[in-house]
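Novice: sequence unknown, structure follows:
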Ligand code: ZN
């Protein structure tokens, strides 16, 4: 076993008409065209899987690695591989959308997972905005949505690089133009489009809206603040925890030396500058914005002077015990 450097699956061209060239130009991805919206860095979605790039297993899909290494790779999880990691380049505004929770998706989408997700803004134009939550109550929102006037209810947020946003299932959201971000989400592709700004494709057809299902699942009214996070000193630097709910944990490693990560949980690491990952039997150099999947059965060390985003399955009890009263600063941990 060894840490897996992953090659992304790209969504591009007519599939992401809002995409741009930044995944290649800034994030050094092998993007297929100048309308590439998403690189699925770690994906076990059928037909959209990421591949292993390094070592003896190079060329295998994530799904086949899960079958090969089992719990040594994923840790104690049941059923579907739970996480999906993406980088996004929104050259233009995305549609206004919402995702269902697990119960609704299981009942209405053939047993699929729901989708809670989170964004970390990596880069953006000054003053870039995104839609995050709605200011209207449920009934008013339904009237506006059915009248094609949902824009009037959107809460707009100006973002800056480094901002972290937690988007639980039921939260209305639209990524704004001029923003590149890292996204962690439940491994699901269930999206209900509430509004597409009146846009049409080159044949004059609008994309399908899913107004009634969207209205079924929207949590109206409550708008969450940006994630503050709680920082804990560690050997080799510190870790800032932003989110830990039942679905995933999102943190940032602030490395200035050699930071050990104990085994027990699968971890997905995306450094923002070059770093080295070492383990008992080897080591690897990791380029900026490359993504490494560290098997649950491995202890590794992250070495360098940089920040790295890290997503994993969550262990809420352990994190609550580690943070004490500061657990309140971690989204999803104390609600
Ligand atoms: Zn979404």
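Specialist: Ah, there it is. Values in this document were obtained by computation on a predicted structure and should not be read as measured data.
Novice: could you find the closest non-adjacent residue to residue 31?
Specialist: Nearest non-adjacent residue to residue 31, counting by C-beta to C-beta, 6 or more residues apart in numbering: residue 24, 4.1 Å away. The way it works is simple: take the backbone N, C-alpha and C, and place the C-beta from them, glycine included.
Novice: how much space between that neighbour and residue 112?
Specialist: 31 Å (C-beta to C-beta, to the nearest Å).
Novice: do the same with residue 320
Specialist: Applying C-beta to C-beta to residue 320 and residue 112 gives a distance of 30 Å.
Novice: and if you look at residue 143?
Specialist: Counting by C-beta to C-beta, the gap between residue 143 and residue 112 amounts to 29 Å.
Novice: residue 35 now?
Specialist: Residue 35 is 27 Å from residue 112, by C-beta to C-beta.
Novice: higher neighbour count, these two?
Specialist: Counted by other C-beta atoms under 10 Å, residue 35 and residue 112 do not tie: residue 35 has more neighbours, with 20 against 17.
Novice: wait, the more buried one touches residue 13, no?
Specialist: Yes: when contacts are counted by C-beta atoms under 8 Å, residue 35 is listed as touching residue 13 (5.5 Å).
Novice: the strand or helix carrying residue 233 pairs with which strands, and in what direction?
Specialist: Element membership of residue 233 [criterion: DSSP states H and E] is strand 230-234. The strands beside strand 230-234 in its sheet (DSSP bridges) come out as strand 237-244 (antiparallel).
Novice: in the strand it pairs with, what counts as buried?
Specialist: For strand 237-244, the neighbour count (16 or more other C-beta atoms under 10 Å) marks 237, 239-244 as buried.
Novice: now stretch 263-281
Specialist: 263, 265-272, 275, 277, 279.
Novice: end-to-end on it?
Specialist: Length of stretch 263-281, first residue to last, C-alpha to C-alpha, to the nearest Å: 15 Å.
Novice: with stretch 217-225 instead?
Specialist: 21 Å.
Novice: what lies in contact with it?
Specialist: Outside stretch 217-225, the residues that touch it by C-beta atoms under 8 Å, 6 or more residues apart in numbering are 98-101, 104, 132-138, 141, 155, 165-166, 168-172, 192, 194, 331.
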